[in-house]
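Colleague: I would like to see how this sequence folds:
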Amino acid sequence: MQSTLHRLFLSHPHSVDESYGEHFLFALGFAARLFGAALAALVHAVIPCLFETTASRMIRQMHERIMRRGQTLQPAE
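Modeller: Numbering: from 1, shown residues only. Predicted coordinates for the structure are as follows:
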């Protein structure tokens, strides 16, 4: 039972050097940003002159953040 709980809730956060709570907040923040990008894209679909670059800009920023996050986890050479 313990190993199943560890695998479900702790294994991945530990693999990115985070506690469960840190990983929860990081992922929740990304979910909120993705939701915002989706709303901007939806409004843009209906009224094309609004939010012309908002969703793509937000996605680029999130991608850059993920890439920087991975770099900070690399062992020093």
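
Colleague: Could you check how far the residue nearest to His12 when sequence neighbours are not counted is from Leu42?
Modeller: Excluding the flanking residues, the one nearest His12 by C-beta to C-beta, 6 or more residues apart in numbering is His23, at 7.2 Å. Every C-beta, even on glycine, is put in place using the N, C-alpha and C of the backbone. For His23, the distance to Leu42 (C-beta to C-beta, to the nearest Å) stands at 28 Å.

Colleague: out of the two, which sits in the more crowded spot?
Modeller: A count of neighbours by other C-beta atoms under 10 Å puts His23 above the other of His23 and Leu42, at 18 against 12.

Colleague: Sketch out the low-pLDDT regions of this protein for me.
Modeller: For the chain, the stretches with pLDDT under 70 are 1, 70-77.

Colleague: Name the residue closest to the centre of this protein, please.
Modeller: Nearest to the geometric centre of the chain sits Phe30, at 3.5 Å (C-alpha atoms, centre = their mean).

Colleague: mind checking which helix or strand Arg65 is in?
Modeller: helix 54-72 (DSSP states H and E).

Colleague: ranges for the helices of this protein?
Modeller: Secondary structure of the chain by DSSP state H: the helices cover 2-9, 11-15, 20-46, 54-72.

Colleague: unless I'm mixing things up, the residue nearest to the centre of the chain is touching Gln61, no?
Modeller: No: the pair Phe30 / Gln61 is not scored as a contact, 10.8 Å apart, by C-beta atoms under 8 Å.

Colleague: Perfect, that will be all.
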